[in-house]
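Student: The following comprises the amino acid sequence and a computationally predicted model.
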Amino acid sequence: MMDVNVLIKKDMKEKQELVNIALDRFLPRKDEYPKDIHKALRYSTFAGGKRLRPYLTILAYQLYKDKAEMITPVAAAIEMVHTFSLIHDDLPDIDDDEYRRGKKSCHTVFGEGVALLAADSLLISAFELITHSELPDRLKVQFVNELAHESGIKGLIAGQMVDIESEGKKVDKKTLSFIHNNKTARLINLSLRFGALGAKAPAKDLKVIEDYGNKIGMAFQIIDDLLDIEGSKATLGKTIGKDEIQGKATFPSVFGIEESRQMAADLTEQAKARIATLGDRSIKLRILADYLLNRKS
Ligand code: GRG
């Protein structure tokens with residue numbers, strides 16, 4: 001019998017390909033005028049991310065439909081917002097990271113001005129890409145609205161803002177959970193939600209998928225925090241140990257390593273139990289939850 005991790009890696013790779021094709025078709029060629037911005041946004045987009053968020057969109061869609069073509073532009077749009085947030089996150093005035101996805105970060109290669117513009121264009125064009133999909137207009141409007149909400153001042157930006165404000169301070173559990181939920185879990189959850197909505201999932205299933213999304217989203221960030229302590233730069237593709245140096249509010253800094261790991265494991269078990277209520281078709285989402293818990297990159 002094939003190892004489940006091999007199976008999930010193979011499936012992830014297949015869906016990555018679909019998303020990469022959609023991104024490649026949509027983004028301007030790198031020799032298009034003005035070249036530098038196109039080179040920069042392609043550099044970061046194709047630097048080798050896991051494509052987890054678009055994978056989740058496609059998996060949720062495929063709980064109900066076979067072919068993924070209809071939802072792929074939406075999945076790719078979420079990846080563009082995610083890549084945008086990584087470029088901004090790496091800037092000297094935010095987290096100041098020299099490496100990302102195993103390569104020099106965007107501003108390190110192209111300079112801060114170009115990196116800012118490349119990221120901005122990814123964010124804005126993501127909404128354009130959603131409108132290019134073949135989905136009904138009503139859904140396109142809903143997706144544009146929800147993606148704007150979740151990446152805006154009530155979502156990602158709020159999480160990042162409190163992350164910056166909390167640097168070097170002792171944070172309580174409520175603040176920690178606010179940061180991680182807004183910075184990470186909500187976009188992961190939204191990725192699943194878009195897949196399910198795109199496939200017209202029944203409301204009761206949507207609730208189950210969102211509960212799963214919230215739990216694996218939070219577990220994903222806890223593991224991200226742990227990898228910053230215990231991971232390796234070679235597999236992770238970015239500098240290790242920065243959270244502690246920068247005095248970041250992380251799960252290990254508040255709960256310690258062992259308790260954090262246990263929390264991630266508990267969230268994963270709860271997520272798997274919840275999604276199992278959808279029956280055999282949710283098997284990939286269950287395998288994925290464990291795969292993410294044990295990931296090294
Ligand atoms: C959205 C307008 C707007 C602003 C963004 C900078 C910022 C504000 C937010 C930063 C959010 C951030 C970097 C959160 C961290 C989330 C996280 C765990 C990223 C790593 O995700 P992976 O491991 O990365 O999926 P790859 O490279 O595999 O895609």
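Tutor: On my side now, so go ahead. All figures in this text were calculated on a predicted structure; none of them were measured in a lab.

Student: which outside residues touch stretch 81-93?
Tutor: Residues outside stretch 81-93 that contact it (C-beta atoms under 8 Å, 6 or more residues apart in numbering): 44-45, 49, 53, 94-97, 100-101, 105-108, 112, 115-116, 118-120, 122-123, 126, 147, 151, 156, 160, 187. The C-beta positions use only the backbone N, C-alpha and C, and glycine is treated the same way.

Student: make it 6 Å
Tutor: With contacts defined as C-beta atoms under 6 Å, 6 or more residues apart in numbering, stretch 81-93 is touched by 44-45, 53, 95, 97, 100, 105-107, 115, 119, 122-123, 126, 151, 156.

Student: How about the contacts made by residue 131?
Tutor: residue 140.

Student: List the buried residues in whichever strand or helix holds it.
Tutor: Assigned by DSSP states H and E, residue 131 falls within helix 112-132. Under the neighbour-count criterion of 16 or more other C-beta atoms under 10 Å, helix 112-132 has 114-119, 121-123, 125-127, 129-130 buried.

Student: want to throw those into TSV with pLDDT?
Tutor: Output for the buried residues of helix 112-132, formatted as TSV (pLDDT from 0 to 100):
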residue	pLDDT
114	98
115	98
116	98
117	98
118	98
119	98
121	98
122	98
123	98
125	98
126	98
127	98
129	98
130	98
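
Student: Relative to the whole chain's centre, how far out is the helix holding residue 131?
Tutor: Centre-to-centre, helix 112-132 and its host chain are 16 Å apart (C-alpha atoms, centre = their mean, to the nearest Å).

Student: before we move on, back to that, specify which member of the contacts of stretch 81-93 is nearest to residue 230.
Tutor: Using C-beta to C-beta, residue 97 comes nearest to residue 230 of the contacts of stretch 81-93, at 18.3 Å.

Student: phi, psi of the spatially closest residue to that closest one that is not a sequence neighbour?
Tutor: Sequence neighbours aside, residue 90 is the residue nearest to residue 97 in space, at 4.1 Å (criterion: C-beta to C-beta, 6 or more residues apart in numbering). With angles defined as degrees, to the nearest 10, residue 90 sits at phi -80, psi -10.

Student: And the one 10 residues further on, by the same measure?
Tutor: With angles defined as degrees, to the nearest 10, residue 100 shows backbone torsions of phi -160, psi 140.

Student: Count the residues that sit near it.
Tutor: When neighbours are counted by other C-beta atoms under 10 Å, residue 100 registers 24.

Student: Enumerate the beta-bridge partners assigned to it.
Tutor: On the basis of DSSP bridges, residue 100 is bridged to residue 103.
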